[in-house]
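[1] got a predicted model here, sequence first, then my questions.
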Amino acid sequence: MQLIECVPNFSEGRDQRTIDAISAAIAAVDGVHLLDVDPGADTNRTVMTFVGNAQAVEDAAFDAITTAGELIDMRSHSGEHPRMGATDVCPFVPVQGATMDDCVTIARRLGARVGEAGIPVYLYEAAATSVERTSLSDVRRGEYEGLSSRDDSPDFGPDLNERSGATAIGARKFLIAYNINLNTTDRKLADAVAGVVRGSGVARRDGDGAIVRGEDGKALRQPGRFASVKGVGWYISEYGRAQVSLNLTDQEDASLHQVFDACVDAASDIGIRVTGSELVGLVPRQALLAAGDHYLAKQGRTTGVPEAERLHSAVLSLGLAELAAFDPLDKVIEYRVGRASDPGLQAYVDELSTDSFAPGGGSVAALSGSLAAALTAMVAALTWSKTKEPQMEQLGREAQELKDWFLLAADRDAEAYNAVIAARRLPRKTKSDRQARDSALEAANQDATRVPLEVLERSVAALELCARAAKDGNPSSVTDAGVGALCARAAAEGAAYNVRINLPSIEDDSVRDDFAGGVVKLTDTARSLAAEVAALVEGALEA
């Protein structure tokens, strides 16, 4: 599933009717999930967060920007936050199944559309057309009041629109707003910790404590540890404590756990202590998983455990529940959208036993694959707890990833079949109707065949993991590896059945032949691997 995040900021935080109208424009676009609406009265600004595929987020952003342009009159706007338009800024962020280049393409395409609608557009960050416009603060210089005197033209649209102002549209990496809690009420101490980790660092001082200045009279600075981190120290009366308030703009440069650990060290150096932390807004799933893995490894524990346990490790270690309850289902962006349906085993089996066509054999084949991977992960975890062998941790991680893939594939198989049914029900009264129906049906049939073929491919991978578990795992768990191999072979054979029964429905000869050749080769490989694992198990039992 492709997920691109869009976080537009609108210059209205007090008029609820306007905020609701913009929200409704976003939510009305099919394929978009509106995750958060955060208005601020003092700043007179509302930040909205939504996700979807490339076309959906572009369309939703366009509708929101044009709606804001109609309802917000910048000639009478005031607020504490810097701003230059009714829609002040509109960044696109790759989250899942998308790249920064994808977001740049969307930003520039949207910019052209908004410009044609009569609103000046300046591109920034990764979408910028010049180095001078990379920084949002540079793009927004002079704010709304300075637009009429600017000597540079926007990338799209007219030079000036007095009512709507101008909009900055860009592409950037995911920004995590992150606060570190301290056991002090002293804002200056909090800012001292911030100075250690933020990119701008602190002012340089000489031996007497005086600020060192350059020839131009400006204070020279000692850079902090993370170039991509911005932050300050502040006191929050609601919590009765000081915090280090940070923006993490590049997870590769500064991850949650790296920044947290650095703040722990910096606080300790000046006699205070980090007590926990707070995430403001949503966070990518991988950021928390990386933190969980980091702290599990520091504790000498395997990271080849279920995702829920890795997340729990992150929440505990970062102290994310210190100030308020922390539920990953509410705070992780991918979970808010929904990753896979999880009705429970009883409900799944009940639905399977009814006369509905889906879930069916294809979903069960994928479920069998997930059981095979789960058993392999179990053997790896049991072995690692005794031997601490790195290969067992790696085996566990691979098996956990494969387990989750199969569970998603169980839903994908049902969805693919439902798409075939939907295509069959399309009208065919006219020639164009029939052509459209035939095209949709061919695409659906190909997808309904491709999904089980992918399950077959992953079943071979699951059998390879089972073989590693049987060879190198704890001897007392060899039969668990054997049962896993039986499940994986069942997944492979079941998936092969589904590919073969769907092949006659595919009209494209080259695609059909390609699928047919793949299923034969993969099935033979699966049977060979299953026999290898069976021999290992039998040999162990006889010994």
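    Received the coordinates, thanks.
[2] need the residue closest to the centroid of the chain.
    residue 95 (3.8 Å; CA atoms, centre = their mean).
[3] who are the packing partners of the lowest-mean-pLDDT helix or strand in the chain?
    Ranking every helix and strand in the chain by mean pLDDT, DSSP states H and E puts helix 345-352 at the bottom, with a mean of 72. Helix 345-352 makes packing contacts with no helix or strand when contacts are defined by 3 or more CB pairs under 8 Å, 6 or more residues apart in numbering; DSSP states H and E. All C-beta atoms are positioned from the backbone trio N, CA, C, and that covers glycine.
[4] now that helix: how far from the chain's centre is it?
    In terms of CA atoms, centre = their mean, to the nearest Å, the centre of helix 345-352 is found 29 Å from the chain centre.
[5] how far is stretch 135-143 from where the chain is centred?
    28 Å.
[6] what is the helix or strand where residue 416 lies packed up against?
    Using DSSP states H and E, residue 416 falls within helix 390-424. If you count contacts as 3+ CB pairs under 8 Å, 6+ apart, helix 390-424 packs onto helix 361-387, helix 431-472.
[7] of the ones you listed, which approaches residue 52 most closely?
    helix 431-472 (20.0 Å; CB to CB).
[8] looking only at pLDDT, what's the mean for the following helix or strand past the closest one?
    Downstream of helix 431-472, the next assigned helix or strand under DSSP H and E is helix 478-502. Averaged across helix 478-502, pLDDT comes to 96.
[9] remind me which helix or strand the nearest residue to residue 467 once chain neighbours are set aside belongs to.
    Nearest residue to residue 467 in three dimensions, chain neighbours excluded: residue 533, at 5.2 Å (CB to CB, 6 or more residues apart in numbering). Under the criterion DSSP H and E, the helix or strand holding residue 533 is helix 509-542.
[10] in that helix, what's buried?
    511-512, 515, 518-519, 522-523, 525-526, 529-530, 532-533, 536-537, 540 (16 or more other CB atoms under 10 Å).
[11] for the stretch 51-200 of the chain, what spans make up the strands?
    Secondary structure of the stretch 51-200 of the chain, counting by DSSP state E, counting those that start in this stretch: strands at 87-96, 121-125, 167-171, 176-182.
[12] angle of the second one against strand 167-171?
    With axes from the mean of the first three to the mean of the last three CA atoms, to 10 degrees applied, the angle from strand 121-125 to strand 167-171 works out at 30 degrees.
[13] for the nearest residue to residue 275 once chain neighbours are set aside, what are its contacts?
    Nearest non-adjacent residue to residue 275, counting by CB to CB, 6+ apart: residue 181, 4.8 Å away. Contacts for residue 181 were tallied using CB atoms under 8 Å, 6 or more residues apart in numbering; they are 239, 241, 243, 274, 275, 276, 277, 278, 319, 322, 323.
[14] same thing but 10 Å
    The contact partners of residue 181, by CB atoms under 10 Å, 6 or more residues apart in numbering, come to 190, 236, 239, 241-244, 263, 273-278, 319, 322-323.
[15] mark which of the residues you listed are part of helices, please.
    190, 263 (DSSP state H).
[16] just the buried ones from the contacts of residue 181, in PyMOL syntax?
    The buried residues among the contacts of residue 181 can be selected in PyMOL (16+ other CB under 10 Å) with this line:
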select buried, resi 190+236+241+242+243+244+263+274+276+277+278+319+323
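[17] just the contacts of residue 181: which are in strands?
    236, 241, 242, 243, 244, 274, 275, 276, 277, 278 (DSSP state E).
[18] nearest to residue 460, of those residues?
    Nearest member of the ones in strands among the contacts of residue 181 to residue 460, counting by CB to CB, is residue 277, at 42.6 Å.
[19] the residue lying closest to residue 154 once chain neighbours are set aside and residue 182, how far apart?
    Leaving aside its chain neighbours, residue 154 sits nearest to residue 120 (4.0 Å; criterion: CB to CB, 6+ apart). Distance of residue 120 to residue 182, given as CB to CB, to the nearest Å: 43 Å.
[20] isn't there a helix covering residue 37?
    No - remark: residue 37 does not belong to a helix; assigned using DSSP: H, G, I helix; E, B strand; the rest coil, it is strand.
[21] which residues touch it?
    10, 19, 20, 22, 23, 26, 27, 46, 47, 48, 49, 50.
[22] what's opposite the last one in the beta bridge?
    By that I understand residue 50. residue 6, residue 34 (DSSP bridges).
[23] count of neighbours near it?
    25 (other CB atoms under 10 Å).
[24] equivalent analysis for the second one, please.
    Here the number of neighbours of residue 19 (other CB under 10 Å) works out to 19.
[25] didn't it look like it was pressed against residue 71?
    Yes - using CB atoms under 10 Å, residue 19 makes contact with residue 71 at a distance of 9.5 Å.
[26] overlap of the contact sets of the two?
    Common neighbours of residue 19 and residue 71 (CB under 10 Å, 6+ apart) are 10, 12.
[27] picking that back up, look at the residue nearest to residue 154 and report its pLDDT.
    At residue 120, pLDDT is 97.
[28] reformat the strands of the stretch 51-200 of the chain as JSON lines; add distance to residue 447.
    Shown next, in JSON lines, are these (distance: least, CB to CB, whole Å):
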{"stretch": "strand 87-96", "distance to residue 447": "20"}
{"stretch": "strand 121-125", "distance to residue 447": "35"}
{"stretch": "strand 167-171", "distance to residue 447": "30"}
{"stretch": "strand 176-182", "distance to residue 447": "35"}
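[29] nearest to residue 403, of these?
    Of all the strands of the stretch 51-200 of the chain, strand 87-96 comes closest under CB to CB, at 18.5 Å.
[30] what strands line up against the closest one, and which way round?
    strand 3-6 (antiparallel), strand 9-10 (antiparallel), strand 167-171 (parallel).
[31] which one of those strands lies nearest to residue 498?
    If you check each of these against residue 498 by CB to CB, strand 3-6 wins as the nearest, at 27.7 Å.
[32] mean confidence score for the closest one?
    pLDDT averaged over strand 3-6 gives 94.
[33] how far does that strand sit from its chain's centre?
    8 Å.
[34] same thing with stretch 206-215?
    For stretch 206-215, the distance to the chain centre is 44 Å (CA atoms, centre = their mean).
[35] leaving out sequence neighbours, find the closest residue to residue 223.
    With CB to CB, 6+ apart, the residue lying closest to residue 223 is residue 201, at 4.3 Å.
[36] in strands, which of the contacts of residue 37 fall?
    Filtering the contacts of residue 37 for strands - DSSP E - leaves 10, 46, 47, 48, 49, 50.
[37] format those as TSV; extra columns: pLDDT.
    Shown next, in TSV, are the ones in strands among the contacts of residue 37 (pLDDT from 0 to 100):
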residue	pLDDT
10	96
46	93
47	90
48	94
49	93
50	95
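[38] name the nearest of those residues relative to residue 387.
    Taking these together and measuring to residue 387 by CB to CB, the closest member is residue 49, at 45.0 Å.
[39] surely that closest one touches residue 4?
    No - with contacts counted by CB under 10 Å, residue 49 stays clear of residue 4, the gap being 11.8 Å.
[40] between those two, who's got more neighbours?
    Per other CB under 10 Å, whichever of residue 49 and residue 4 has more neighbours is residue 4, with 25 against 20.
[41] quick one: contacts for the more buried one?
    Applying CB under 10 Å, 6+ apart, the residues near residue 4 are 50-58, 92-99, 102-103, 106, 171.
[42] and the helices in the stretch 151-300 of the chain?
    For the stretch 151-300 of the chain, the helices defined by DSSP state H, counting those that start in this stretch occupy 187-197, 256-269, 285-298.
[43] most packed of these?
    helix 187-197 (a mean of 21; mean count of other CB atoms under 10 Å).
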